[in-house]
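Undergrad: No sequence on hand, only this structure:
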């Protein structure tokens, strides 16, 4: 195949040994020092980089591979003839998921591959995002079936994390953990997930941000860190403190940690349920995800929860801590964690109760003291939310809350951009107030005009994103704003 083709770019997903033998015995003889190579194998990054340097291959990009999970070590080669890198990238952009489906069919049929496709991880493909996406699947009785298509699961949450995609498969092939990353802390590859502990016992997938991770890191002097990410701090906090690690965390999060030794999984959600965690559980399997739609790809049948529908139609809001609009699909309650052992035994416990916490809060009686306490709390809240290695923007409405937020950021010496949505009808638009506060803070602002046309065009997409009913129209306006800020990963609101 190599001899018959005029190959300019070659992409590998092969075991280290095969890779080494392949390029030494074949490519260096046919096209010495002319090929561009990139690896996708999850566990041999350093070695591939070494080989690339040794043979003077140029690694032209980061790639992730939608492999069939029961056979990670098939030799995979994409050979193509393109004039330049841009032409190749444009081609992959146009056929992004088509390549995975073709390759999956080839592997499923057990055919030898003269043409197999991989997927380019290209940030330009994603116009907007929420934060990281996590998902996982445990089969308590058997290995994961060969029909289980990991690439479909990755695709369903890829929009949440355009910066990196990874998954981990247990040796017994009955547990899989998936992460799509939106890099906020430690933008290097060392912050990628799933993250495995140094002894190989624990694996974590994590969506969110731990605001006090630098302080917590000081409690972990006995650990040797490989990154500057909050994910690694979180994993080591669990290793040291077990379930009690949750008492130390200040942030918004949803995560799962699998224990390879005890064969159990620990999953938790932040105190106020900011980050989503949906799951399905029966005696045969446990599966979870940041989004409900992913669960159907794991074999979960979706059936309407009529009680939830009736409650929503009656009150126009859905505030149930546990149920969703689908039967047998649940959420981890805010301030709760769940544990499932190797036998499939399920338990859920509360680690934070706001009513109990409220009793211990000392509220000043003096009005001026109250104002000062509130001011300090707001400052502290805003300041800790700025812990990020990427630019930050602010959603500015011209109202009291966002105006206070801008003033505090100004006083903290931050330079940020503002994003606002306005309307042509002046009686609805707050543009005058937005202009007034931006003149005071001297922040640049960008406005998005919401029209009936843009509302209609984005309605279907909004419904698909939300997955459950949400009373109120502003959600579509937020979607339009986030699309405009595609390059901004953190928006304070």
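TA: All right, it came through fine. Quick caveat, the model's predicted, so the values are computed rather than measured.

Undergrad: which regions of the stretch 201-350 of the chain lie under the pLDDT threshold?
TA: 319-320 (pLDDT under 70).

Undergrad: give me that answer again for 90
TA: Applying pLDDT under 90 to the stretch 201-350 of the chain picks out residues 272, 283-284, 299, 302, 307-322, 343.

Undergrad: Now do the strands in it.
TA: For the stretch 201-350 of the chain, applying DSSP state E, counting those that start in this stretch gives strands covering 202-210, 251-259, 264-269, 278-281, 285-289, 330-331, 336-340, 346-350.

Undergrad: of all those strands, which lies closest to residue 307?
TA: Of all those, strand 330-331 sits nearest to residue 307, with 13.3 Å by Cβ to Cβ. C-beta here means a position set from N, CA and C on the backbone, and glycine is covered the same way.

Undergrad: Packing partners of the closest one?
TA: The helices and strands touching strand 330-331, judged by 3 or more Cβ pairs under 8 Å, 6 or more residues apart in numbering; DSSP states H and E, are strand 278-281.

Undergrad: Direction included, what does the strand it packs on pair against?
TA: Each strand paired with strand 278-281, and its direction, by DSSP bridges: strand 285-289 (antiparallel), strand 330-331 (antiparallel).

Undergrad: hmm, back to that, now the strands of the stretch 201-350 of the chain in a markdown table, with mean neighbour count and distance to residue 314?
TA: Below are the strands of the stretch 201-350 of the chain laid out as a markdown table (neighbours: other Cβ atoms under 10 Å; distance: least, Cβ to Cβ, whole Å):
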| stretch | mean neighbour count | distance to residue 314 |
| --- | --- | --- |
| strand 202-210 | 25 | 32 |
| strand 251-259 | 23 | 29 |
| strand 264-269 | 22 | 27 |
| strand 278-281 | 22 | 23 |
| strand 285-289 | 24 | 29 |
| strand 330-331 | 20 | 20 |
| strand 336-340 | 20 | 26 |
| strand 346-350 | 12 | 27 |
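
Undergrad: Now that we have those strands, can you turn them into CSV and tack on distance to residue 397?
TA: Supplementary listing: those in CSV, determined by distance: least, Cβ to Cβ, whole Å:
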stretch, distance to residue 397
strand 202-210, 23
strand 251-259, 21
strand 264-269, 28
strand 278-281, 30
strand 285-289, 32
strand 330-331, 29
strand 336-340, 32
strand 346-350, 35
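
Undergrad: end-to-end on stretch 313-332?
TA: Stretch 313-332 has its terminal residues 23 Å apart, counting by Cα to Cα, to the nearest Å.

Undergrad: scratch that, stretch 396-403
TA: Stretch 396-403 has its terminal residues 7 Å apart, counting by Cα to Cα.

Undergrad: Name the surrounding residues that touch that stretch.
TA: Contacts with stretch 396-403, where a contact means Cβ atoms under 8 Å, 6 or more residues apart in numbering, come from 394-395, 406, 418-420, 430-434, 436-438, 445, 493.

Undergrad: from the residues you listed, which two are the most distant?
TA: Pairwise distances across the contacts of stretch 396-403 peak at 20.4 Å for 432 and 493 (criterion: Cβ to Cβ).

Undergrad: which one of the two has more residues nearby?
TA: Ranked by neighbour count (other Cβ atoms under 10 Å), residue 432 and residue 493 place residue 493 first, with 13 against 10.

Undergrad: what separates that one from residue 385, distance-wise?
TA: Separation of residue 493 from residue 385 (Cβ to Cβ, to the nearest Å): 10 Å.

Undergrad: again, but for residue 207
TA: Distance, residue 207 to residue 385, by Cβ to Cβ: 16 Å.

Undergrad: Between the strands of the stretch 201-350 of the chain, which one is closest to residue 368.
TA: So among those, strand 251-259 is nearest, using Cβ to Cβ, at 31.3 Å.

Undergrad: on that earlier part again, nearest to residue 452 among the strands of the stretch 201-350 of the chain would be which one?
TA: Taking Cβ to Cβ as the criterion, strand 278-281 is the member of these that comes nearest to residue 452, at 32.9 Å.

Undergrad: What distance do you get for residue 257 to residue 160?
TA: Using Cβ to Cβ, residue 257 is found at 19 Å from residue 160.

Undergrad: Lovely, talk soon.
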